[in-house]
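Peer 1: The sequence isn't on hand, but the structure is:
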Ligand SMILES: [Fe+2]
Ligand SMILES: [Fe+2]
């Protein structure tokens with residue numbers, strides 16, 4: 001149990017601290033050169049999460065769980081701070097105080113949601129309080145389906161308008177994931193009656209099919225961007241970043257599917 005807590009904590013931190021570090025980089029890229037204060041703040045968070053990422057790889061297997069609990073708290077604070085920074089930037093953009101900056105408001109909102117998710121995960125891990133499997137399945141899918149729908153929209157809007165075929169494909173993914181998100185929300189509003197094994201299993205299967213094909217699309221886009229074969233304003237690191245987030249979602253779906261088939265109805269395992 002202690003081993004699982006340590007492994008799970010470090011896995012979340014290794015994945016998400018790199019993501020937070022890259023968000024800082026994307027924010028900085030989008031600021032105007034005169035926004036030196038915001039640039040400094042973005043650099044501060046880049047270094048903060050790089051330090052956290054490095055530290056997360058430095059623990060030995062026999063580390064005291066209390067040390068990891070302490071580390072989770074420390075990272076929780078950092079995630080709260082970057083969340084507040086992102087929301088501040090969103091406020092500045094939405095009140096038109098940064099004309100000419102180049103991050104979409106939806107992207108800034110999106111990365112703040114990811115920070116909030118990370119923060120909640122750390123909190124839950126430290127509480128040792130695991131949601132019932134059925135609740136976790138619906139909540140996690142609602143979160144990630146919206147993330148995937150947003151990614152499709154970002155890709156569609158950051159491709160050069162002359163990349164008509166790829167932009168069409170991105171729009172189709174956007175529509176597909178919007179529909180899946182609504183389906184997930186329907187299931188959410190029908191709870192707890194909707195939380196049957198066959199319905200949840202079908203829900204996961206259906207989501208997995210679409211996430212796989214979006215993941216493949218992102219992988220292709222990433223390669224085309226890296227090889228400079230398509231016209232866009234997508235940074236290669238952003239293409240890789242959204243690809244990794246799709247892979248993460250697939251891992252979570254598989255984990256849930258495994259837990260569902262394995263353990264019947266009332267088991268409280270959360271990734
Ligand atoms: Fe992200
Ligand atoms: Fe994302």
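Peer 2: Arrived safely. Bear in mind the structure is a predicted one, so any value in this text is a computation, not a measurement. Ligands and ions are numbered 1, 2, ... in the order given.

Peer 1: Please name the residues that touch residue 205.
Peer 2: residue 257 (CB atoms under 8 Å, 6 or more residues apart in numbering). Using the backbone N, CA and C atoms, a C-beta is placed for each residue, glycine as well.

Peer 1: How many neighbouring residues does the closest residue to residue 187 other than its chain neighbours have?
Peer 2: Spatial nearest neighbour of residue 187, excluding adjacent residues (CB to CB, 6 or more residues apart in numbering): residue 194 at 4.8 Å. Counted by other CB atoms under 10 Å, the residues lying close to residue 194 total 15.

Peer 1: Make sure residue 194 is indeed in a helix.
Peer 2: No - counting by DSSP: H, G, I helix; E, B strand; the rest coil, one finds residue 194 to be coil, located in no helix.

Peer 1: Quick check: the gap between it and residue 247.
Peer 2: Here the criterion is CB to CB, to the nearest Å. By it, residue 194 lies 28 Å from residue 247.

Peer 1: List phi and psi for the residue nearest to residue 187.
Peer 2: When read as degrees, to the nearest 10, the backbone of residue 194 gives phi -80, psi -10.

Peer 1: Tell me the spacing between it and ligand 1.
Peer 2: As judged by CB to the ion, to the nearest Å, residue 194 and ligand 1 stand 29 Å apart.

Peer 1: residues touching that residue, list them.
Peer 2: For residue 194, the contacting residues are 138, 187, 188, by CB under 8 Å, 6+ apart.

Peer 1: Just the buried subset of these, please.
Peer 2: Neighbour counting over those (16 or more other CB atoms under 10 Å) leaves 138, 187 as the buried ones.

Peer 1: Relative to ligand 1, which of the contacts of residue 194 is nearest.
Peer 2: Among these, residue 138 lies closest to ligand 1 (CB to the ion), at 21.8 Å.

Peer 1: mind checking which helix or strand the residue lying closest to that closest one once chain neighbours are set aside is in?
Peer 2: Of all residues beyond its chain neighbours, the one nearest residue 138 is residue 188 (5.1 Å), with distances taken as CB to CB, 6+ apart. Assigned by DSSP states H and E, residue 188 belongs to helix 164-189.
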